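Colleague: fold the following and give me the result.
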Amino acid sequence: MAETNNTTCSICGKGYYLCLACKSHRTTPWKVLTDTAEHYKIHQVIKGYMNKVYTKDEANKKLKAIDLTGIEDFKPNIKSILYEIMSTPMIETEKADVDKAVYTAEKAEDKVAKNDMATNKMNDNKFVSHKKERYKGSGKY
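Modeller: Now for the predicted structure:
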């Protein structure tokens, strides 16, 4: 007897058959919510992101490890959340590396500026010292 679809995938919305009398869905829990194991992984990432278990960056990293083939056919609300997660312009570790590089560069510029100021001050002192020597007896210094 042909089995008719009795549930739908929470990710793509396609119908599939789930035998509730069988114990097989106890060993493969993804069958209760989704039609494939990959869709269950997507479901888990979205659930974690929506419940604030994962940050956007963490969810993005997890999604990169999952096969998102057929994303065009996913339910609109699922696509929307996935695109939101994947729209992360720069993950935090990369941002931290960039911030560190900028900080290091700024620190180096500050050091150069301080060295320039010290050199200028030293040159000014030499100039004043030279002027003092020149006008030693005149009373100007």
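
Colleague: verify the stated contact: S10 with D35.
Modeller: No: taking contacts as Cβ atoms under 8 Å, S10 lies outside contact range of D35: 9.2 Å. The way it works is simple: take the backbone N, C-alpha and C, and place the C-beta from them, glycine included.

Colleague: those two: who's more crowded?
Modeller: D35 (22 against 18; other Cβ atoms under 10 Å).

Colleague: and the more buried one, what element?
Modeller: According to DSSP states H and E, D35 maps onto no helix or strand at all.

Colleague: that one contacts C12, correct?
Modeller: Yes: using Cβ under 8 Å, D35 makes contact with C12 at a distance of 6.9 Å.

Colleague: now the helices for the chain?
Modeller: Secondary structure of the chain (DSSP state H): helices located at 24-27, 30-33, 37-50, 56-64, 76-86, 92-134.

Colleague: which of these has the lowest mean pLDDT?
Modeller: Here these differ in mean pLDDT, and the lowest is helix 92-134 at a mean of 55.

Colleague: walk me through the domains of this structure.
Modeller: Annotated domains of the chain cover 7-86, 90-141 [automatic domain parsing].

Colleague: keeping just the C-alphas, turn stretch 8-17 into CSV.
Modeller: Extracted in CSV, the C-alpha atoms of stretch 8-17 (Å, rounded to 0.1, in the frame of the first residue of the first chain):
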residue,chain,number,x,y,z
THR,A,8,5.6,18.6,6.0
CYS,A,9,9.3,19.6,6.3
SER,A,10,9.7,22.7,8.5
ILE,A,11,12.5,23.9,6.2
CYS,A,12,11.4,23.4,2.6
GLY,A,13,7.6,22.7,3.2
LYS,A,14,7.6,19.5,1.1
GLY,A,15,5.4,16.7,2.3
TYR,A,16,6.7,13.4,3.4
TYR,A,17,5.5,10.3,5.1
